[in-house]
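Participant: What follows is a protein structure lacking sequence information:
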């Protein structure tokens, strides 16, 4: 079975999104940058997909998930932490959207 989150395309998109979300180019993203980035991603999805899939998470929801993936509790996600966050976010989004 194909695992999209392990594909080159998905990983290339993750790298690109990390670079775009990291507004201060620190090599890490804070919860504000992540919330803004997710809103952008959802806006792009909303242009292509209707319904719940295109409803972005609230800042509180992002912050809650952010804390789970901020393994060193420094208030920022490095790329590895960001990747873990986004892989899980994508899987959860897929499950919610397609009821799997």
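Facilitator: Okay, I see it. These numbers come from a predicted model, not from an experiment.
Participant: rest of the way, CA atoms for contacts and neighbours
Facilitator: OK.
Participant: so where's the protein shaky on pLDDT?
Facilitator: The chain contains residues with pLDDT under 70 at 1-2, 50-54, 97-100.
Participant: how about the helices in it?
Facilitator: Remark: helices assigned in the chain by DSSP state H are 8-21, 31-48, 59-69, 79-98.
Participant: Would you reformat these as a markdown table and include mean neighbour count?
Facilitator: Listed next are the helices of the chain as a markdown table, based on neighbours: other CA atoms under 10 Å:
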| stretch | mean neighbour count |
| --- | --- |
| helix 8-21 | 15 |
| helix 31-48 | 16 |
| helix 59-69 | 15 |
| helix 79-98 | 15 |
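Participant: hang on, residue 35 packs against residue 62?
Facilitator: Yes - counting by CA atoms under 8 Å, residue 35 touches residue 62, with 6.2 Å between them.
Participant: Nearest residue to the residue most central in space within the chain in space, please, no chain neighbours.
Facilitator: By CA atoms, centre = their mean, the chain has its centre lying nearest to residue 86, at 3.8 Å. Closest residue to residue 86 apart from its sequence neighbours, by CA to CA, 6 or more residues apart in numbering: residue 14 at 7.7 Å.
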